[in-house]
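Q: Let's see this in three dimensions:
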Amino acid sequence: MRSTHRPADSYSSSSIARPQVAALFWEHPAILTAAATGVAPEGFENTGDPANNAAWSALGLPAIAIPLAVEGAPVGMQIVGAWGRDDAVVSVAAHAEQLLRD
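A: Model (predicted):
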């Protein structure tokens, strides 16, 4: 059954990509990417460009962003995991935050 929230073409695109993505996660438990295309905008009126998360959301993959202590602006690292592995994504994020603090 299709959700009314996503267009039909995104279903066909994501179903074509699923085998390749599954193979990727067979070899790698998580993918690390930039959380955004640039620094966070000032204020709370806008959260920034969601482009770096769009593919993972379209595929229904769990993703979490953690802040990086970078001089000059707030930036983050995104951690993406396989379908149904939300627990692994949270675990990797917690471990990464611990390593980044030390």
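Q: Please state the backbone phi and psi of residue 33?
A: Main-chain dihedrals, residue 33, degrees, to the nearest 10: phi -140, psi 170.
Q: what's the closest non-adjacent residue to it?
A: Nearest residue to residue 33, sequence neighbours excluded (Cβ to Cβ, 6 or more residues apart in numbering): residue 78, at 4.7 Å. Placement of C-beta: from N, CA and C, glycine included.
Q: and for whichever strand or helix holds the one you found, what are the contacting residues?
A: Assigned by DSSP states H and E, residue 78 belongs to strand 75-81. For strand 75-81, contacts defined as Cβ atoms under 8 Å, 6 or more residues apart in numbering pick out 25, 29-36, 39-40, 52-53, 56, 61-68, 88-89, 92-93, 96.
Q: sorry, back to before: give me the pLDDT value at the residue nearest to residue 33.
A: Residue 78 carries a pLDDT score of 95 in this model.
Q: what helix or strand is residue 32 on?
A: Counting by DSSP H and E, residue 32 is found in strand 30-34.
Q: Just the residues contacting that strand, thanks.
A: 24, 52, 75-81, 88-89, 92.
Q: Could you list the low-pLDDT ranges of the protein?
A: Filtered on pLDDT under 70, the chain yields the residue ranges 1-14, 72-73.
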